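give me coordinates for this.
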Amino acid sequence: MDADNAQSTRPYLIRALYEWCTDNGFTPFIAVQVDDSVRVPQEYVKDGEIVLNVSFDATSALQLGNEFIEFKGRFGGVARDILVPVHRVLAIYARENGQGMAFPVTAVPEVAAPKPPVPEAKPAVLAPVPSSEEVGPDTPRPPGGGRPALTRVK
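A predicted model of the protein is given here:
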């Protein structure tokens, strides 16, 4: 695997810093740049950003995945489902001392969908299709009557 196809380090670093915060008794916060792909309560967004407490005590069903951070959190006493694409996370840090890591702003996901491998193509052998002038009553037709069907050979 080369550098172009490698996965982003961002989700791994987020998980590592989250673990560091919790192991040391700190409260992990994430700063998020909000756009249409981020599902958070919009009334708490300021200047296109929101800071979320992602500690064990503040969340339920927290999942720090490679593509998304998902959890349920309470805002003003109301439970909300939160969905944050990892590429929208600007920073993760400890509330108590500010230690953590900031990430560069990205407009699109850092990792494009992996390109499927291109199998070695075997040349297809097709019989010529007779033109309408060449078709007569005794011209053989493909089975099923219509056009010939191609079969993919692996």
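
all helices of the chain, in order?
Remark: helices assigned in the chain by DSSP state H are 10-23.

which stretches in it count as strands?
Taking DSSP state E, the strands of the chain run over residues 28-33, 49-53, 59-64, 68-75, 78-85, 89-94, 100-102.

I'd like those strands as JSON lines, with mean neighbour count appended.
Yep, even glycine has a C-beta here, placed from its N, CA and C like the rest. Converted to JSON lines, the strands of the chain look like this (neighbours: other C-beta atoms under 10 Å):
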{"stretch": "strand 28-33", "mean neighbour count": "21"}
{"stretch": "strand 49-53", "mean neighbour count": "17"}
{"stretch": "strand 59-64", "mean neighbour count": "15"}
{"stretch": "strand 68-75", "mean neighbour count": "17"}
{"stretch": "strand 78-85", "mean neighbour count": "15"}
{"stretch": "strand 89-94", "mean neighbour count": "20"}
{"stretch": "strand 100-102", "mean neighbour count": "15"}
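
out of these, the one nearest residue 12 is which?
Residue 12 sits nearest to strand 59-64 of all those, at 9.6 Å, using C-beta to C-beta.

would you list the strands of the chain in TSV and tack on distance to residue 43 and mean pLDDT?
Output for those, formatted as TSV (distance: least, C-beta to C-beta, whole Å; pLDDT from 0 to 100):
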stretch	distance to residue 43	mean pLDDT
strand 28-33	15	97
strand 49-53	10	97
strand 59-64	19	96
strand 68-75	8	96
strand 78-85	11	96
strand 89-94	20	97
strand 100-102	25	96
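
with distance to residue 11 added, can I get those strands in a markdown table?
Compiled in a markdown table, the strands of the chain are given as follows (distance: least, C-beta to C-beta, whole Å):
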| stretch | distance to residue 11 |
| --- | --- |
| strand 28-33 | 12 |
| strand 49-53 | 16 |
| strand 59-64 | 7 |
| strand 68-75 | 8 |
| strand 78-85 | 10 |
| strand 89-94 | 9 |
| strand 100-102 | 12 |
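
nearest to residue 14, out of the ones you listed?
Ranked by C-beta to C-beta, the member of the strands of the chain that lies closest to residue 14 is strand 89-94, at 5.3 Å.

quick one: residues in contact with the closest one.
Residues from elsewhere that reach strand 89-94, judged by C-beta atoms under 8 Å, 6 or more residues apart in numbering: 10, 13-14, 17-18, 21, 24, 26-33, 49, 54, 69, 99-103, 105.
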